[in-house]
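Enquirer: coordinates only, sequence not included:
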């Protein structure tokens, strides 16, 4: 294949993905899911979620709502103890590194504990409680092997199509510990596949 043909093939794949014609259901295949599951096997993931399971076990909805309200308020403030406690955690450091090492494939990673609260983030989220959203309800609430691929969206700022891939994170016994939402850059995924990467 000539260099010109390769460039045209990549350009076509990128155009296909960015036009919304490329379907997330066919692009988010077993290889993508397995790749995410591979880095979820890190001890920092299990340790953090196990610790948080014990910590949040007795939180009632009023406490969850209060924490979510506090998170939203802190995002507008200079002093952010709750936000900082999550962002400075070893798990968030790990997720930030995973996102950076993906070289543009992952644009956001949110890890949730058994209550649907942020356990680790690659960047600050708009809210603290994800338990009322499909990323948690269609994974953690469904079972240990649940995978939910949301509808793709176009990101105007970068001109890319993105999709949220959500998985339950089980413990060694298969009991759900939490869930993860990984925003995948479909345009970048299409480019890599066109190059055979």
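Expert: Received, thanks. Computed from a prediction, not measured in an experiment: that's the story for all the values here.
Enquirer: can you report how many residues lie near residue 85?
Expert: By the criterion of other C-beta atoms under 10 Å, residue 85 has 11 neighbours. For the C-beta atoms, the positions are set from N, CA and C on the backbone; glycine is no exception.
Enquirer: secondary structure element holding it?
Expert: helix 81-87 (DSSP states H and E).
Enquirer: so what does that helix touch, helix or strand wise?
Expert: Packing partners of helix 81-87 (3 or more C-beta pairs under 8 Å, 6 or more residues apart in numbering; DSSP states H and E): helix 61-74, strand 118-121.
Enquirer: need the residues that contact the helix or strand that the shortest one is followed by.
Expert: The helix or strand immediately downstream of strand 118-121 is helix 134-137, counting by DSSP H and E. Outside helix 134-137, the residues within contact range by C-beta atoms under 8 Å, 6 or more residues apart in numbering are 110, 112, 116, 130, 131, 148, 150, 164, 166, 179, 181.
Enquirer: my guess is the third one contacts residue 132. True?
Expert: Yes - Residue 116 is in contact with residue 132 according to C-beta atoms under 8 Å; the separation is 7.3 Å.
Enquirer: neighbour count winner among these two?
Expert: Neighbours per residue, other C-beta under 10 Å: of residue 116 and residue 132, the larger number sits with residue 116, 24 against 13.
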